[in-house]
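[1] Quick one, what's the 3D model for this:
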Amino acid sequence: MYYTGIDIGSTASKVVVLNDEQMVEYFVLPTGWSSKETAAAVAQRLLEEGHPVDGGEMKVVATGYGRISVDYAAKTVTEITCHGKGGYALLGRDCTIIDIGGQDTKVITVEGGMPASFLMNDKCSAGTGKFLEIMANRLGVDLTELFALAEKGTPLAISAMCTVFAESEVISHIGAGEKREDIAAGVVESVVTRVAGLCTRHGLKGEVLLTGGLCESGYLVDRLSRRLGAEVHSNPMGRYAGALGAALIARGGKKGKP
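    Have a look, this model is predicted:
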């Protein structure tokens with residue numbers, strides 16, 4: 001029997017497949033404009049990997065903002081629950097999870113292996129992955145290049161709370177002839193400041209784990225650690241935390257490895 005978690009996010013969709021003993025498959029696909037088409041693409045990819053969703057040997061749990069589009073899922077579960085469960089499995093103990101997603105940022109306190117409380121910023125894309133993508137595009141680089149530039153720069157002030165106004169600040173810096181490295185550093189620092197503020201309002205308990213696609217940036221992890229005054233852990237599977245949590249929920253009480 002296979003247990004699959006599908007996390008359809010706003011920009012990327014993550015998939016984790018478990019059996020009774022361990023993880024056997026994981027992959028990521030761009031979400032695209034239609035989460036329903038993405039769900040179909042995920043099913044096709046699973047079929048190609050030898051895990052058909054309709055063969056009777058698969059149980060699927062879906063999460064993420066597009067979870068209702070996964071019509072072959074046995075159930076849908078909230079992102080908070082799945083990220084809490086997945087993050088706990090990755091770190092192996094209770095913690096505070098920071099998930100910087102494409103459209104929102106969540107801070108989740110995990111106690112006893114399950115989410116106990118959370119705080120979410122979903123009013124504006126400032127402080128999220130989408131904000132960084134927009135600013136990277138304005139600077140003519142991708143996200144990896146943005147972080148590489150930022151590491152070499154001295155942050156310029158980008159204080160606007162709205163993405164549109166913040167982009168105007170970046171354009172002003174470009175027009176003033178500021179160094180691209182300094183603008184990039186300012187962009188990243190702006191996100192770090194907003195995420196740290198969310199953490200302060202919610203409170204940190206135990207160790208801190210960063211999940212989501214941005215957890216792969218050592219520079220961002222370091223800047224966030226410095227701002228919070230606490231070590232922020234990352235994990236190579238951090239971007240799959242939601243999908244992993246969903247797969248573990250699908251597997252239920254079985255005790256195999258994540």
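[2] low pLDDT regions in the stretch 51-200 of the chain?
    122-127, 160-161 (pLDDT under 70).
[3] quick one: the strands in it?
    Listed in chain order, the strands of the stretch 51-200 of the chain (DSSP state E, counting those that start in this stretch) span 58-63, 75-76, 95-100, 105-111, 114-121.
[4] Could you say which one of these comes nearest to Glu48?
    strand 58-63 (13.9 Å; CB to CB). Every C-beta, even on glycine, is put in place using the N, C-alpha and C of the backbone.
[5] what pairs with that closest one, and is each one parallel or antiparallel?
    According to DSSP bridges, strand 58-63 forms sheet pairs with strand 2-8 (parallel), strand 75-76 (parallel).
[6] Just the CA trace of the first one, in PDB.
    Listed in PDB are the C-alpha atoms of strand 2-8, where the atom choice follows Å, rounded to 0.1, in the frame of the first residue of the first chain:
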ATOM      1  CA  TYR A   2       1.200   3.500  -0.800                       C
ATOM      2  CA  TYR A   3       0.400   6.800   1.000                       C
ATOM      3  CA  THR A   4       0.700  10.000  -0.900                       C
ATOM      4  CA  GLY A   5       0.700  13.600   0.300                       C
ATOM      5  CA  ILE A   6       0.000  16.300  -2.300                       C
ATOM      6  CA  ASP A   7       0.600  19.900  -1.300                       C
ATOM      7  CA  ILE A   8      -0.600  22.200  -4.100                       C
END
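[7] Would you format the strands of the stretch 51-200 of the chain as TSV with mean neighbour count included?
    Formatted as TSV, the strands of the stretch 51-200 of the chain follow (neighbours: other CB atoms under 10 Å):
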stretch	mean neighbour count
strand 58-63	25
strand 75-76	16
strand 95-100	26
strand 105-111	22
strand 114-121	16
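[8] returning to that earlier point: out of the strands paired with strand 58-63, which one sits most buried?
    When the strands paired with strand 58-63 are scored by mean count of other CB atoms under 10 Å, the highest mean neighbour count falls to strand 2-8 (a mean of 29).
[9] quick one: the closest residue to Ala185 other than its chain neighbours from Arg180, how far?
    Spatial nearest neighbour of Ala185, excluding adjacent residues (CB to CB, 6 or more residues apart in numbering): Gly153 at 3.5 Å. Going from Gly153 to Arg180 by CB to CB, to the nearest Å gives 8 Å.
[10] Is Ile249 in contact with Ile6, as I believe?
    No - counting by CB atoms under 8 Å, Ile249 stays clear of Ile6, with 11.6 Å between them.
[11] so what sits against both of the two?
    Contact criterion CB atoms under 8 Å, 6 or more residues apart in numbering; residues bridging Ile249 and Ile6 by contacting each: Val61.
[12] What pLDDT does the model give the residue positioned nearest the centre of the chain?
    In the chain, the C-alpha nearest the mean C-alpha coordinate belongs to Gly212, at 2.0 Å (CA atoms, centre = their mean). For Gly212, the model assigns a pLDDT of 87.
[13] and it, what are its phi and psi?
    Main-chain torsions, Gly212, degrees, to the nearest 10: phi 90, psi 170.
[14] For it, give me its contacts.
    Per CB under 8 Å, 6+ apart, neighbours of Gly212: Asp99, Ile100, Gly101, Gly129, Gly238, Arg239, Ala241.
[15] Give me the subset of these that lies in helices.
    Gly129, Ala241 (DSSP state H).
[16] Flag every buried residue along the lengthiest helix in the chain.
    The longest helix of the chain (DSSP H) is helix 180-202. Using 16 or more other CB atoms under 10 Å as the test for burial, helix 180-202 gives 180-196, 198-199, 202.
[17] do stretch 85-94 as well
    Of the residues in stretch 85-94, Lys85, Gly86, Gly87, Tyr88, Ala89, Leu90, Leu91, Asp94 count as buried by neighbour count, 16+ other CB under 10 Å.
[18] For it, which outside residues touch it?
    By CB under 8 Å, 6+ apart, the surrounding residues in contact with stretch 85-94 are 5, 95, 97, 99, 108, 110-115, 205-207, 209, 211, 233, 235, 237-238, 240-246, 248-249, 258.
[19] Thank you kindly, that will do.
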